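Student: task: produce atomic coordinates for the following.
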Amino acid sequence: MQTGTVTTAAGDVLDRRQEVFRRWAPYFLLALSTFLALVTAGLITPFNDQRTVAAILVASALVVELCWSRIGWRQTVPSRLSITYYVLRWAIGFALTLLNGFFAFYAAAGYYDADERIPGRRARRFALFACSVPISAAQASGIPVHDTARWLVFAGLLIANNALLTVAKHFADQEEQRSRARAATIAELQQAHDENAALQAQLLVQAREAGIADERRRLAAEIHDTIAQGLTGIIAQLQVVANTSDPATVKDHVGLATDLARHSLGEARRSVHNLAPVGLSNDGLPEALRKIVEQWSERTDVRAEFTVTGTPQHLHGEISATILRITQEALANVAKHAAATRAGVTLSFMDSEVTLDVRDDGKGFDPMSLPARTHTGGFGLDGMRARAERIAGSLTVEAEPGFGTAVSARVPLVPHA
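Tutor: Numbers count the residues shown, from 1 in each chain. Predicted coordinates for the structure are as follows:
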């Protein structure tokens, strides 16, 4: 959005400058022509009638410009009023140029605003040709009357001026077309950017909703696999105690029930701890993962190392939460199934993606032997893969019996908005 804002601001500045130029350029050219004519004594001639005519024409030009500034200078679309103004200005400029060649500057005003004042391509070409007549006359020191050679010079200048004008007009038209094409391209790119931003926001909303549903399923699986089974075991041990009077048997089964209760309490605390990525609220993703790895290592007595490569960036909340969840579940699987002595977690920031690698030196397994869905591991590999795919990522598992396991997740690098 910033690109579109900057482009619009630059366009507004250019429009204001063009507006100022359209309004004041005729005044400036008239004043310049009059000043040069006076300095060169072009108006001071022995003939009083020429000086009077020149003064009347200059005053008339000033009146025409004042009237136009009052009622029509803002018009950018040709109209009858703009045609009348253009013709009157040309006629006065032509007459003044016949009296003094320096007034060709004022006659040249018709070059820059013909597109806005005259309708139709042919009419505009004729208007430009008409403007070149007084300019060529000024270059030829006046329109010749009875001199054939000067007529030839005048005709040559007229042809040369119109040839140059045609070339300049051609390049100006091409540049205008390129400018319009660039503006259209910028508008399309801005629209595509807005659509991509909306799509990204929609995908993140869907990922958030899907993540909530997955979290509910994960909690249900964890409660079923850990806490519910532990409570079932406790009930079974207490039923044995209720049906026997042997003190030794009672003691053994009460001890078993106590151990099951402690284990279930630990599993409940772990589930609550993993319920939300609270670490992200206070720390960035690298620091949150570092704490998770350290706490996991202390809890499981498995040596674990955390490494960050690349330049860390502040990621979008959904991206960070997904990586954190996958890390938690991968480490939980290592603790439950790998029987590992060492584990490593690596977070890598690259140009367009972020990768997470969780490795262990445990007993490994045959990935092809796993069922389509696993429930012994709570959320499991399928759930981690689903998490990654919901944010346009992927998850791969490399494992071999006796040679450990490596879980690798690749997700797009989406910075925090």
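
Student: residue boundaries of the strands in the stretch 251-400 of the chain?
Tutor: Along the stretch 251-400 of the chain, counting by DSSP state E, counting those that start in this stretch, strands occupy 303-309, 342-349, 353-360, 394-399.

Student: and the third one, what other elements does it pack with?
Tutor: Contact here means 3 or more CB pairs under 8 Å, 6 or more residues apart in numbering; DSSP states H and E; on that basis strand 353-360 packs against helix 317-333, strand 342-349, strand 405-412. Glycine gets a C-beta too; all of them are placed from N, C-alpha and C.

Student: show residues contacting stretch 340-353.
Tutor: By CB atoms under 8 Å, 6 or more residues apart in numbering, the surrounding residues in contact with stretch 340-353 are 285-286, 289, 293, 297, 302-313, 323, 327, 331, 334, 354-363, 393, 404, 410-413.

Student: quick revisit: quick one: which of the helices and strands packed on strand 353-360 is nearest Gly383?
Tutor: Among those, helix 317-333 comes nearest to Gly383, with 6.9 Å by CB to CB.

Student: same question for that closest one, mean pLDDT?
Tutor: For helix 317-333, the mean pLDDT works out to 88.

Student: any idea how far the helix or strand harbouring Leu189 is from the chain center?
Tutor: Leu189 is located in helix 148-222, with elements delineated by DSSP states H and E. Relative to its chain's centre, helix 148-222 lies at 13 Å (CA atoms, centre = their mean, to the nearest Å).

Student: and that helix, what other elements does it pack with?
Tutor: Using 3+ CB pairs under 8 Å, 6+ apart, helix 148-222 sits against helix 2-39, helix 121-139, helix 247-273, helix 317-333, helix 380-390.

Student: those: which one's closest to Ala184?
Tutor: Per CB to CB, nearest to Ala184 of those: helix 2-39, 12.3 Å.

Student: ok, the closest residue to Ala304 other than its chain neighbours to Arg385 distance?
Tutor: Of all residues not flanking Ala304 in the chain, Ser297 sits nearest, at 4.0 Å (CB to CB, 6 or more residues apart in numbering). From Ser297 over to Arg385 the distance is 25 Å, taken as CB to CB, to the nearest Å.

Student: could you tell me the end-to-end distance of stretch 397-411?
Tutor: With CA to CA, to the nearest Å as the measure, stretch 397-411 spans 15 Å from end to end.

Student: list the contacts of it.
Tutor: 319, 322-323, 326, 330, 334, 338, 340, 353-367, 381, 384, 388, 391-396.

Student: so which strand or helix has Pro78?
Tutor: For Pro78, there is no enclosing helix or strand under DSSP H and E.

Student: wait, doesn't it sit right on Arg121?
Tutor: No: counting by CB atoms under 8 Å, Pro78 sits too far from Arg121 to count as a contact (11.6 Å).

Student: which one of these two is surrounded by more residues?
Tutor: When Pro78 is set against Arg121 and neighbours are counted by other CB atoms under 10 Å, the residue ahead is Pro78, at 18 against 9.

Student: ok, and the closest non-adjacent residue to the more buried one?
Tutor: Leaving aside its chain neighbours, Pro78 sits nearest to Pro119 (3.8 Å; criterion: CB to CB, 6+ apart).

Student: just to revisit the earlier point, buried subset of the contacts of stretch 340-353?
Tutor: Neighbour-count burial within the contacts of stretch 340-353 applies to 285-286, 289, 293, 297, 302, 304, 306, 308, 323, 327, 331, 334, 354-362, 393, 404, 410-411, 413; the criterion is 16 or more other CB atoms under 10 Å.

Student: which residues of the stretch 101-250 of the chain score low on pLDDT?
Tutor: 144-146, 211, 215, 218, 221-222, 224-226, 229 (pLDDT under 70).

Student: tell me how the chain divides into domains.
Tutor: When the chain is parsed with automatic domain parsing, its domains come out as 2-143, 282-417.

Student: what's the closest of those to Ala213?
Tutor: Closest approach to Ala213 among the domains of the chain (CB to CB): domain 282-417, 10.2 Å.

Student: and the closest one, how far out from the chain's middle?
Tutor: Offset of domain 282-417 from its chain centre (CA atoms, centre = their mean): 31 Å.

Student: so what's the nearest residue to Ala338 once chain neighbours are set aside up against?
Tutor: Closest residue to Ala338 apart from its sequence neighbours, by CB to CB, 6+ apart: Gly362 at 2.8 Å. Gly362 makes contact with Val334, His337, Ala338, Ala339, Ala340, Thr341, Gly404, Thr405, according to CB under 8 Å, 6+ apart.

Student: now render the domains of the chain as CSV, adding distance to Ala213.
Tutor: CSV is the format used below for the domains of the chain (distance: least, CB to CB, whole Å):
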stretch, distance to Ala213
domain 2-143, 36
domain 282-417, 10
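
Student: closest one to Ala261 among those?
Tutor: Ala261 sits nearest to domain 282-417 of all these, at 18.8 Å, using CB to CB.

Student: picking up where we left off before, which of the helices and strands packed on strand 353-360 sits most buried?
Tutor: helix 317-333 (a mean of 22; mean count of other CB atoms under 10 Å).

Student: hey, C-alpha coordinates of that helix in PDB?
Tutor: Output of helix 317-333 as PDB, limited to C-alpha atoms (Å, rounded to 0.1, in the frame of the first residue of the first chain):
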ATOM      1  CA  GLY A 317       1.800 -15.100  14.700                       C
ATOM      2  CA  GLU A 318       0.300 -18.100  12.900                       C
ATOM      3  CA  ILE A 319       3.700 -19.100  11.500                       C
ATOM      4  CA  SER A 320       5.400 -18.800  14.900                       C
ATOM      5  CA  ALA A 321       2.700 -20.700  16.600                       C
ATOM      6  CA  THR A 322       2.800 -23.500  14.000                       C
ATOM      7  CA  ILE A 323       6.600 -23.900  14.300                       C
ATOM      8  CA  LEU A 324       6.300 -23.900  18.100                       C
ATOM      9  CA  ARG A 325       3.600 -26.600  18.100                       C
ATOM     10  CA  ILE A 326       5.500 -28.800  15.800                       C
ATOM     11  CA  THR A 327       8.600 -28.500  18.000                       C
ATOM     12  CA  GLN A 328       6.600 -29.400  21.100                       C
ATOM     13  CA  GLU A 329       5.000 -32.400  19.500                       C
ATOM     14  CA  ALA A 330       8.200 -33.600  17.900                       C
ATOM     15  CA  LEU A 331      10.000 -33.500  21.200                       C
ATOM     16  CA  ALA A 332       7.100 -35.200  22.900                       C
ATOM     17  CA  ASN A 333       7.400 -38.100  20.400                       C
END
